[in-house]
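Participant: coordinates only, sequence not included:
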């Protein structure tokens, strides 16, 4: 059966919905940087894996230009970036050339070619209300994956709204603090601001671990200085 005649249920299988702390599904696919085995490519690094609907679309083009300009920010955090859309590699390469021309940048992250939607189905990227002759198009999806291959963030946006990569950096910076120091992060936390001490830890232990400069809002809510990485 061709992809154009598949039923909607074959693309949207609720049994395959991913959850936080699931192992990110592995796959092998063609990309603009050659064939990629996903787990081999990302293991040991933080990874931002994102989807676009198609090449040569305006919001997606703006995102690729921004990603290229943010390359140093990803690199200093040890983050690998990999994208996906449903066009063939040659079309994607032509699009990247256009992105580089518009934004005077050098986009060199890999883009996965997912013409048959297999990877999009694995990652629940597909949009029920937008399609072409081959099937549904991807939403503006994004996963943050930890070095041990676990899914730590799932973001899904409609095609019309571009992503906020400052927020993506906030998540990654926050995860590094949370994993290393077992702290928690309050609403709208930004790097350098106070963080929340772990719950169910005594005030004396908090002082011993984080120093005496703390703000005890309630017994269950203590703000401390951000630990130094």
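Facilitator: Yep, that arrived. Owing to the predicted nature of the structure, the values given are computational and were not obtained by experimental measurement.
Participant: and residue 153, which of the three is it?
Facilitator: Under DSSP: H, G, I helix; E, B strand; the rest coil, residue 153 falls in the strand class.
Participant: Renumber starting at 826 from here on
Facilitator: Understood, numbering begins at 826; the last thing we discussed is residue 978.
Participant: Identify the residues contacting it.
Facilitator: By C-beta atoms under 8 Å, 6 or more residues apart in numbering, the contact list for residue 978 reads 845, 967-969, 996. In short, each C-beta sits where N, CA and C put it, glycine included.
Participant: Now the longest helix anywhere in the chain: buried residues?
Facilitator: Counting by DSSP state H, the longest helix found in the chain is helix 990-1006. With burial defined by 16 or more other C-beta atoms under 10 Å, the residues of helix 990-1006 counted as buried are 990, 993-1000, 1002, 1006.
Participant: which residues are in contact with it?
Facilitator: With C-beta under 8 Å, 6+ apart, helix 990-1006 has contacts from 871, 873, 891-892, 895, 898, 902, 904, 967, 969, 971, 977-978, 1008-1010, 1014-1016, 1020, 1051-1052, 1054.
Participant: how far does that helix sit from the chain's center?
Facilitator: Distance of helix 990-1006 from the chain centroid (C-alpha atoms, centre = their mean, to the nearest Å) equals 12 Å.
Participant: With stretch 847-864 instead?
Facilitator: 15 Å.
Participant: Name the residues of it that are buried.
Facilitator: Neighbour-count burial for stretch 847-864 flags 849, 854-857, 861, 863 (criterion: 16+ other C-beta under 10 Å).
Participant: give me every residue that touches residue 1018.
Facilitator: By C-beta under 8 Å, 6+ apart, the contact list for residue 1018 reads residue 1051.
Participant: and it, that's in a helix?
Facilitator: No. Assignment of residue 1018 by three-state DSSP gives coil, placing it outside any helix.
Participant: Pull out the buried members of the contacts of helix 990-1006.
Facilitator: Applying 16+ other C-beta under 10 Å to those flags 871, 873, 891-892, 895, 904, 967, 969, 971, 977-978, 1008, 1010, 1014, 1020, 1051 as buried.
Participant: that older thread, need the max-distance pair from the contacts of residue 978.
Facilitator: 845 and 967 (13.6 Å; C-beta to C-beta).
Participant: any common contacting residues for these two?
Facilitator: Jointly contacting residue 845 and residue 967 under the rule C-beta under 8 Å, 6+ apart are 978-979.
Participant: after the longest helix of the chain, next one along is what?
Facilitator: Going down the chain from helix 990-1006, the next helix or strand is strand 1020-1021, by DSSP states H and E.
Participant: quick one: low-confidence parts of the chain?
Facilitator: Applying pLDDT under 70 to the chain picks out residues 826-834, 837, 839-840, 1054.
Participant: how does it divide up, domain by domain?
Facilitator: Listed domain ranges for the chain are 828-998, 1007-1049 (source: automatic domain parsing).
Participant: hey, which of those domains is tucked in deepest?
Facilitator: Highest mean neighbour count of these: domain 828-998, a mean of 17 (counted as mean count of other C-beta atoms under 10 Å).
Participant: The residue lying farthest from the centre of the chain in helix, strand or coil?
Facilitator: Within the chain, the residue lying farthest from the chain centre (C-alpha atoms, centre = their mean) is residue 1029, at 37.6 Å. Following three-state DSSP, residue 1029 is assigned to helix.
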